[in-house]
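Participant: Sequence and computational prediction follow.
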Amino acid sequence: MNDSGIYLHIPFCVKKCSYCAFYSLPKSEKTLLDSYTDALCSEINNDNYIDSSAVCSSVYFGGGTPSLLSDDNIINILESINNRYRLTNDCEITLECNPAQYEFKRFSRLVQNGINRFSMGIQTLNPQLHDYIGRTGKPVSCDLIESYLSIPALCGVDFITGIRDGYPALPDIERVIQYKPDHVSAYLLTLESDTALFKYADTKCLDIFQRKEYLEVSNFLKDNGYDHYEISNFAIKGAYSKHNLKYWNGCDYRGYGAGAHSYFRGERYFHDDDVCLYIDKKGANLRKDNRKPGDILVELVFTGLRTSKGVSEYNYNRITGKKFPEELCKRVQGLSELDCVVDNGWRRIYIKPVNFVDYDTIIYQLLEPFI
Ligand code: SF4
C-alpha cells in the first residue's frame with residue numbers, strides 16, 4: 001500500500017532572521033493567521049489529488065513559525081486532515097516551534113490533540129551570535145529547554161553551526177544534550193546572497209572553521225549515543241524523522257500552503273510564494289513543475305546521498321522503471337569516498353559517514369554529466 005506524507009507550510013514569523021532565505025513573512029496578526037488556516041483547510045477538504053487507497057504515516061507543520069498558529073487553528077487543520085486521509089496508528093505528527101511561543105500547558109494540550117513530535121529552533125545560546133544572526137527575543141534559557149524536553153512527546157532541537165570563526169556551537173550543544181533531546185539537527189550556516197547577513201557576514205577563515213566545527217559536532221553527538229543518520233541530523237534509536245526521510249528517499253508527500261511543494265506519482269507540484277493569492281484562491285492554485293526526464297535521477301542521488309543509507313536503485317526503479325545508468329556506477333567506483341553494496345539484487349550507493357563533510361565536492365564529481 002502506498003505511504004505518503006503531508007507537509008503544511010506556515011510562512012509567518014515574528015521577524016525575519018538575517019540569515020533566512022525561506023519564504024516567510026514578518027507578520028503574525030490573528031486575522032491573517034485565521035484566514036490562512038481557512039484557506040489551508042479548504043485546500044485539504046477540496047483536494048482531488050488524494051489517493052484514497054493510500055495511507056499517510058507523517059504530518060509536518062513547517063515554516064516559517066507554525067507555533068504562531070493558535071491551538072484552535074492547529075486543531076482545525078488536523079481535523080481536515082483526519083477527514084480526508086487514512087492516517088496510520090503510529091502516524092508521526094510534528095510541529096516546528098519557536099521558544100517564544102512555548103508554554104508547557106499549551107504544548108500538553110497540543111499533545112492531547114495529536115501532535116506527537118516537536119522540533120524547537122534553538123539555533124544558538126550565545127547572545128552575541130543570537131544578535132549577529134538577527135534572531136528575535138533572547139537566546140533560550142536552560143530552564144525552558146528542560147521544561148520543553150519533559151513534554152510527553154518526541155522532542156528535538158535545532159542548532160545552526162559554523163556561524164562565525166571563534167564562536168563555536170559545541171559548548172551550546174554540550175549544555176543542551178544534558179537534557180537528552182530525542183533528535184538534534186545541526187545545520188551549517190549557508191550564506192544566501194538574498195539575505196541581510198550575506199552583506200555583513202564575517203567570512204574570514206569561515207570555510208576552515210565550518211569544516212572543523214562540523215567534524216567536532218558530529219563526533220561529539222555520535223560519542224553521546226546519537227545516530228548520524230543524515231548529514232545534518234542525529235537521533236537516538238527510533239527517533240529518526242519519518243517525515244524528512246520521505247524527502248530524502250524520494251517518497252510521496254503532499255504540501256499544502258503558500259510556497260509549499262508536493263511530490264507524488266513521479267511529478268512535482270508547487271504553490272507560488274504568495275500568501276494573498278493563496279488566501280484569495282483558497283489554495284486552489286496548485287501548479288505542476290515541468291521537469292526534464294533526467295531530473296529524477298539527479299534529485300534522488302542528491303537527496304539520498306545525504307542519508308547514511310544512501311540512494312537505492314530499488315527506489316529509482318520504483319519511480320522510473322530503470323536501473324542506475326552505468327556511467328553513474330563507473331563514477332562511484334572512481335570515488336574512494338563512496339561505497340556501493342548490493343541488497344536483494346539492487347545496488348545501493350552511499351557516502352561513508354566519515355566523508356559527509358565533503359558532500360558538496362563528492363556530489364558534484366558524481367553528478368557532473370547528469371546535471
Ligand atoms: S524563524 Fe525560521 S523561518 Fe522565520 S525568519 Fe527565522 S529562520 Fe526564517
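Facilitator: It's in. This structure is a prediction, so every number in the text was calculated from the model and none was measured.

Participant: Roughly how far does residue 36 sit from residue 14?
Facilitator: As judged by C-beta to C-beta, to the nearest Å, residue 36 and residue 14 stand 15 Å apart. In this view, the C-beta of every residue, glycine as well, is placed from N, C-alpha and C.

Participant: Of those two, which one has the most company?
Facilitator: residue 36 (23 against 16; other C-beta atoms under 10 Å).

Participant: Not counting the helix or strand hosting the more buried one itself, show me its contacts.
Facilitator: Following DSSP states H and E, one finds residue 36 within helix 30-45. Contact with helix 30-45 is made by 8, 10, 12, 68-70, 73, 76-77, 79-81, 83-84, 256-258, 275, 278-279, 281-284, 286, as judged by C-beta atoms under 8 Å, 6 or more residues apart in numbering.

Participant: if we look at the ligand, which of those residues are close to it?
Facilitator: Filtering the contacts of helix 30-45 for proximity to the ligand by C-beta under 6 Å from any ligand atom leaves nothing.

Participant: Selecting buried members of those residues in PyMOL, what would you type?
Facilitator: With 16 or more other C-beta atoms under 10 Å as the criterion, this PyMOL line picks the buried residues out of those:
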select buried, resi 8+10+12+68+69+73+76+77+80+81+256+257+258+275+278+279+281+282+283+286
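
Participant: So which of the contacts of helix 30-45 are in helices?
Facilitator: Judged by DSSP state H, the contacts of helix 30-45 include 73, 76-77, 79-81, 83-84, 275, 278-279, 281 as members of helices.

Participant: Point me to the residue of the stretch 251-371 of the chain nearest the ligand.
Facilitator: Relative to the ligand, the nearest point of the stretch 251-371 of the chain is residue 259 (11.0 Å; C-beta to the nearest ligand atom).

Participant: What pLDDT does the model give that residue?
Facilitator: pLDDT, residue 259: 97.

Participant: thought it was touching residue 7?
Facilitator: No - if you go by C-beta atoms under 8 Å, residue 259 and residue 7 don't touch, sitting 10.7 Å apart.

Participant: For the two, indicate the residue with more neighbours.
Facilitator: Per other C-beta under 10 Å, whichever of residue 259 and residue 7 has more neighbours is residue 7, with 22 against 19.

Participant: What's the separation between the nearest residue to the more buried one once chain neighbours are set aside and residue 5?
Facilitator: Nearest residue to residue 7, sequence neighbours excluded (C-beta to C-beta, 6 or more residues apart in numbering): residue 255, at 4.2 Å. Separation of residue 255 from residue 5 (C-beta to C-beta): 9 Å.

Participant: Equivalent analysis for residue 242, please.
Facilitator: 8 Å.

Participant: Need the overlap of contacts for these two.
Facilitator: Contact criterion C-beta under 8 Å, 6+ apart; residues shared by residue 242 and residue 5: 57-58.

Participant: more crowded one of the two?
Facilitator: For residue 242 versus residue 5, the count of surrounding residues by other C-beta under 10 Å is larger for residue 5: 25 against 19.

Participant: Who does that one form a beta bridge with?
Facilitator: Beta-bridge pairing of residue 5, defined through DSSP bridges, involves residue 58, residue 253.
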